[in-house]
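*Asks:* Next one to model:
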Amino acid sequence: MIWAGVLVASASCYALKLAGLSLPERWLQDSRVQRTVPLIPIALLAPAALTGRVGRSGRMRLG
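*Replies:* Numbers count the residues shown, from 1 in each chain. You can find the predicted model right below:
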């Protein structure tokens, strides 16, 4: 079951990368895109870091 999730996540990342390479250059030069793109890794990694800090009890572990 976990491998299905890994494969779906991998395919999604590849599709997102391919979509980024397929965008017209003028879309990439837009100021909104320029401000948003650096924040995407933070938005994707924050839930993973939070999940690692919260135990099965649902409480935050700080050590």
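
*Asks:* got any ranges where the protein has weak pLDDT?
*Replies:* Applying pLDDT under 70 to the chain flags residues 55-57, 60-63.

*Asks:* which stretch of helix or strand covers the most centrally placed residue in the chain?
*Replies:* For the chain, the residue nearest the mean C-alpha position is residue 44 (3.1 Å; Cα atoms, centre = their mean). Element membership of residue 44 [criterion: DSSP states H and E] is helix 40-53.

*Asks:* Restrict that helix to CA atoms and write it as PDB.
*Replies:* Extracted C-alpha coordinates of helix 40-53, given in PDB (Å, rounded to 0.1, in the frame of the first residue of the first chain):
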ATOM      1  CA  ILE A  40       6.700  26.300  -2.900                       C
ATOM      2  CA  PRO A  41       9.500  24.100  -1.200                       C
ATOM      3  CA  ILE A  42       8.700  25.600   2.200                       C
ATOM      4  CA  ALA A  43       5.000  24.900   1.700                       C
ATOM      5  CA  LEU A  44       5.700  21.300   0.700                       C
ATOM      6  CA  LEU A  45       8.300  20.600   3.400                       C
ATOM      7  CA  ALA A  46       6.500  22.200   6.400                       C
ATOM      8  CA  PRO A  47       3.800  19.500   6.700                       C
ATOM      9  CA  ALA A  48       6.400  16.800   6.400                       C
ATOM     10  CA  ALA A  49       8.400  18.400   9.200                       C
ATOM     11  CA  LEU A  50       5.300  18.900  11.400                       C
ATOM     12  CA  THR A  51       4.300  15.300  10.800                       C
ATOM     13  CA  GLY A  52       7.700  14.100  12.000                       C
ATOM     14  CA  ARG A  53       7.400  16.200  15.200                       C
END
